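Asks: Have a look; sequence and predicted model below, questions after that.
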Amino acid sequence: MTRLFKSKVLLIVVLCMGLAACTEQELFVAKEGTVPVTRGTDAVQGITELPGFSFEEILEVIANLGTDFVEAISPILEAIDIPGDLASAALTTYKVSTETPHPDGSGKTITVSGVVIVPANYDGDSLRFVISPVPTYTENDAAPSIIFSGERDIPLLYDNFLNYLYFTALNSLQGCAIFMPDYPGFGDSFGQCFHPYALKEPLIRSTLDLAKEAKAAMTDLGYTLKKEVIVTGYSQGGLVATAVGRELDLNGAEHDMPLCLLLGGGVPANLKALFDIARVTPALPLSFIFPYATYGYQQNGYPEINLNDVIHYPFSYYPPIIFDGYHSVVDAIAAFPLTNIGLFTLNVILNNENVPTIALLNDLLEKNSIDPWKNNAPVVFIHGFLDEAVYYTNVVDFVEDMEELGGTPELHTNLLTEHILTLFDYFIELPIYISQYK
């Protein structure tokens, strides 16, 4: 019943957002007597137009997923009579690419990619640039640039993720340019590196390199972008968003992107603290994230990490197979034990730092956690009290650390939800906050 209620609330919010936009015709219907701005991408480096979507088409995609989420909202979908203006509200999607340093610190470069989504009937008004990293994924087909390219035919089994992408895209109808980066190791960089899942600096650097390229290319195409940016994301996207938001809040002038708002959901701010709880907690419903992070460290500058020191055999041999870019999050969840004693070695559970790999892993998790700071722009965290993947104490401690430094973060807590269901709270609050800061 809770899931059904939240699903209904989500759809109602999306529809209200779209209907509200319909009353302000300038958001996606050209004003009378004006001609929408037209442009071609042939002469602009690093950006390519992808197939666009209308609101109606996005609802059809969701309806065709055949998941529990869709079953819950199907009566509402069937009853919807979409107004003509809203049904024709198209989204223009661009793929952007640029070079960034390899995450292994070797000095090599890789080609990273992502997408920017804007209202199709853009008429010259300034758009708010929204940096929106996405939640954890393990297959290349889940990269935003591939999902929005129209190349993949099979919907993701992990439907919450696909719902997230399309819902985030709909926020562009509020007069925003929504930028979603592919993580390094996916999209254009697939095969060039392994995803630096828990490496903070490569994720900040690649996201900002792409964001700068995207903003420059959009300007060259004739779009007007407001200088201050919104940064938002959930789960791993919340980790990246908080790290990027912190950088822009403190050093936004250097990047020419001052921060307007940071909104993070399910944020794993202190990686070391999360690992310390997980190693002694029996139930690990998303246990694949620990092998994913460890293997990411090994493949990006720390080859001395021995997976057998961290993960029980035969699971220590799974990462190169499961994390090859062709297996989904569902595959990853199924591949690893869902208990700490089934997954971790005894040395990990006992935190035996006499084992070099464990000492190094602890050090890496500490270094790649987000440092609290005294925020200047508004900072909002959304978290589920029952979160069994990113434990609630993690965000509480982080908020308190920020407050001790003189910061003023907000923490919005749902007392009844865990990690996945709290995504709906994030869905609901995101368009509300975007409307306030757009």
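Replies: Ah, there it is.
Asks: Tell me where the protein has strands.
Replies: For the chain, the strands defined by DSSP state E cover 47-54, 90-101, 109-119, 127-131, 176-181, 225-234, 259-265, 379-384, 410-414.
Asks: Quickly, which of those strands bottoms out on average pLDDT?
Replies: Lowest mean pLDDT within the strands of the chain: strand 47-54, a mean of 76.
Asks: what's the spatially most central residue of the chain in contact with, if anything?
Replies: Nearest to the mean C-alpha position of the chain, by Cα atoms, centre = their mean, lies Val134 at 1.6 Å. Residues near Val134 by Cβ atoms under 8 Å, 6 or more residues apart in numbering: 144, 161, 164-165, 168, 180, 233, 236-237. C-beta here means a position set from N, CA and C on the backbone, and glycine is covered the same way.
Asks: now that we have these, which one has the most neighbours?
Replies: Gly233 (31 neighbours; other Cβ atoms under 10 Å).
Asks: one step back: can you add distance to Leu307 and give the strands of the chain back as a markdown table?
Replies: Output for these, formatted as a markdown table (distance: least, Cβ to Cβ, whole Å):
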| stretch | distance to Leu307 |
| --- | --- |
| strand 47-54 | 37 |
| strand 90-101 | 25 |
| strand 109-119 | 24 |
| strand 127-131 | 33 |
| strand 176-181 | 28 |
| strand 225-234 | 28 |
| strand 259-265 | 30 |
| strand 379-384 | 30 |
| strand 410-414 | 36 |
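Asks: Nearest to Phe288 among these would be which one?
Replies: strand 225-234 (17.5 Å; Cβ to Cβ).
Asks: what angle sits between that closest one and strand 127-131?
Replies: 30 degrees (axes from the mean of the first three to the mean of the last three Cα atoms, to 10 degrees).
Asks: what comes up buried for stretch 316-335?
Replies: Neighbour-count burial for stretch 316-335 flags 316, 318-319, 322-323, 325, 327-329, 331-333, 335 (criterion: 16 or more other Cβ atoms under 10 Å).
Asks: quick check, nearest of these to Ile110?
Replies: The closest of the buried residues of stretch 316-335, once distances to Ile110 are taken by Cβ to Cβ, is Gly325, at 14.1 Å.
Asks: who are the neighbours in contact with that closest one?
Replies: Per Cβ under 8 Å, 6+ apart, neighbours of Gly325: 138-140, 185-186, 190-191.
Asks: go again using 10 Å as the cut-off
Replies: By Cβ atoms under 10 Å, 6 or more residues apart in numbering, the residues touching Gly325 are 137-143, 185-186, 190-191, 194-195.
Asks: Can you read off the pLDDT for Ile420?
Replies: Note on Ile420: pLDDT of 87.
Asks: Next: Ser435.
Replies: For Ser435, the model assigns a pLDDT of 91.
Asks: Could you find the closest non-adjacent residue to Thr93?
Replies: Nearest residue to Thr93 in three dimensions, chain neighbours excluded: Leu50, at 4.3 Å (Cβ to Cβ, 6 or more residues apart in numbering).
Asks: Check Lys212 too.
Replies: Nearest non-adjacent residue to Lys212, counting by Cβ to Cβ, 6+ apart: His255, 7.0 Å away.
Asks: and if you look at Thr168?
Replies: Using Cβ to Cβ, 6+ apart, the nearest residue to Thr168 is Ser132, at 5.3 Å.
Asks: Over to Leu262?
Replies: Leu262's closest residue in space is Gly245 (Cβ to Cβ, 6+ apart), at 3.4 Å.
Asks: Now do that neighbour against Glu139, distance only.
Replies: Per Cβ to Cβ, to the nearest Å, Gly245 is found 27 Å from Glu139.
Asks: Quickly note the distance from the residue nearest to the centre of the chain to Thr413.
Replies: 23 Å.
Asks: The residue nearest to Thr93: what's it in contact with?
Replies: Leu50 makes contacts with 92-95, 115-117, 145-151, as judged by Cβ under 10 Å, 6+ apart.
Asks: now with 6 Å?
Replies: If you count contacts by Cβ atoms under 6 Å, 6 or more residues apart in numbering, Leu50 has them with 93, 95, 148-149.
Asks: what does Phe186 give?
Replies: Counting by Cβ under 6 Å, 6+ apart, Phe186 has contacts 140, 143.
Asks: quick one: pLDDT of it?
Replies: On the pLDDT scale, Phe186 is placed at 97.
Asks: Low-confidence bits of this protein, can you list those?
Replies: Residues of the chain meeting the criterion pLDDT under 70: 1-44, 52-89, 150-162.
Asks: repeat that with 80
Replies: For the chain, applying pLDDT under 80 flags the ranges 1-46, 51-90, 121, 123, 150-167, 170.
Asks: ok so, going back, out of Gly245 and Glu139, which sits in the more crowded spot?
Replies: Each of Gly245 and Glu139 has its neighbours counted (other Cβ under 10 Å); Gly245 has more, 30 against 22.
Asks: Wait, that one touches Ile230, no?
Replies: No: the pair Gly245 / Ile230 is not scored as a contact, 9.0 Å apart, by Cβ atoms under 6 Å.
Asks: What separation do you get for Ile146 and Tyr137?
Replies: Distance from Ile146 to Tyr137, by Cβ to Cβ: 10 Å.
Asks: Ok, Phe385 next?
Replies: Note on Phe385: its distance to Tyr137, by Cβ to Cβ, is 26 Å.
Asks: And for Phe336?
Replies: From Phe336 over to Tyr137 the distance is 16 Å, taken as Cβ to Cβ.
Asks: Not counting residues beside it along the chain, what's closest to Asn375?
Replies: In space, and not counting its chain neighbours, Asn375 is closest to Gly407: 4.6 Å by Cβ to Cβ, 6+ apart.
Asks: hang on, that neighbour packs against Lys374?
Replies: Yes: counting by Cβ under 6 Å, Gly407 does reach Lys374; the two are 4.6 Å apart.
Asks: Give me the more crowded residue out of these two.
Replies: Gly407 (17 against 13).
Asks: Would you mind giving both backbone torsions of the more buried one?
Replies: Gly407 adopts backbone torsions of phi -80, psi 170, taken as degrees, to the nearest 10.
Asks: Quick check: Asn171 touching Ile434?
Replies: Yes: proximity of Asn171 to Ile434 meets the contact threshold set by Cβ under 6 Å, at 5.4 Å.
Asks: overlap in contacts of these two?
Replies: The contact sets of Asn171 and Ile434 do not overlap (Cβ under 6 Å, 6+ apart).
Asks: Cool, thanks, signing off.
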